[in-house]
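> Provide a 3D model corresponding to the input given below.
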Amino acid sequence: MRILRSVMKTSVGVFTSRADAERAASALRESGVPDDRLGVLIPEDADRAAREIPTTDAEPPGIGRALGAVAGAAAGAAHGLQAGALAAVFVPGVGPVIALGIVGAAALGVAGYAIGGALDRGSRTGVPRDEAYVYEDALRRGRSLVFALTDDESSAGRARGVLAAHGAETVDSAREQWWIGLRDAERAQYTGGEFARDEPDFRRGYEAALTIGRDGRSWDEAAADLQDRYPDAWRGDAFRRGWERGQSTERRRRHAA
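Next comes the predicted model:
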């Protein structure tokens, strides 16, 4: 098996249809992306993506049967990927998820942690850890994800073209859908002033908590990274309020895991 280098480029497509995700993965393989650089994540509810999957903080009765069922449904998509690259995992807050391919397993974390739990900052898989919360939300909404790792930006551009040709939503678009799903509730609970005015910095703070703060660091512990990434916003009240709300979300995630 080839060793993946940290400089690899990651292209990700978000699909409403599991079948489209599987076709996109096959097309990427046909375009020359090796099997050990491809990954697919498929949620239990992949064929009903418009309906949100019920969430839970504990593994419900019968989850073994549910995992087995979704694994069986996805097994056909695993052909061509490397042997042993099909894993079924219960993700707290999301439900049963299938990981196809080495890259899919790395993104998921085969020990049952939330998406990205198996990734560190220097992960050689190239799967972006800072986008884990976007992947979780997409899977929760019944979307399937396809990952392709390539050596350079030119190859990444071709991979993105294949994903788009098969109906992929971009991660940026999925990130906007994530925020749209939160905005009304956050607006209703916001006490810092005028939400419409503060929303951009509030959102930055919220996202910072789900990325920089994902490892459980406090505000003070993360201050240097926050200043580096958000030099013009991190000291503002709206940013801090967003961080605190995002940290609350992270605490619930860690408790569920």
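> before we move on, which element is Ser11 in?
Remark: Ser11 resides in strand 9-15, with elements defined by DSSP states H and E.
> Can I get that strand in CSV, CA atoms only?
Output for strand 9-15, consisting of C-alpha atoms alone and laid out as CSV, is shown next (Å, rounded to 0.1, in the frame of the first residue of the first chain):
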residue,chain,number,x,y,z
LYS,A,9,-4.9,17.8,-1.9
THR,A,10,-8.3,16.7,-0.7
SER,A,11,-11.4,17.1,-2.9
VAL,A,12,-14.8,16.4,-1.2
GLY,A,13,-18.2,16.1,-2.7
VAL,A,14,-21.5,16.1,-0.8
PHE,A,15,-24.3,14.0,-2.4
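> Identify all contacting residues around that strand.
When contacts are taken as Cβ atoms under 8 Å, 6 or more residues apart in numbering, the neighbours of strand 9-15 outside the stretch itself are 21, 24, 126-128, 131, 135, 138, 143-153, 155-156, 159-160, 163-164, 166-171, 173-174. No exception for glycine: its C-beta is placed from N, CA and C like everyone else's.
> Narrow those residues to those in helices?
When the contacts of strand 9-15 are checked against helices (DSSP state H), the matches are 21, 24, 135, 138, 153, 155-156, 159-160, 163-164, 171, 173-174.
> following the helix-or-strand element of the chain with minimal mean pLDDT, which helix or strand comes up?
Across the helices and strands of the chain, mean pLDDT, DSSP states H and E gives its lowest value to helix 63-74, namely a mean of 43. Later in the chain than helix 63-74, the nearest helix or strand by DSSP H and E is strand 86-91.
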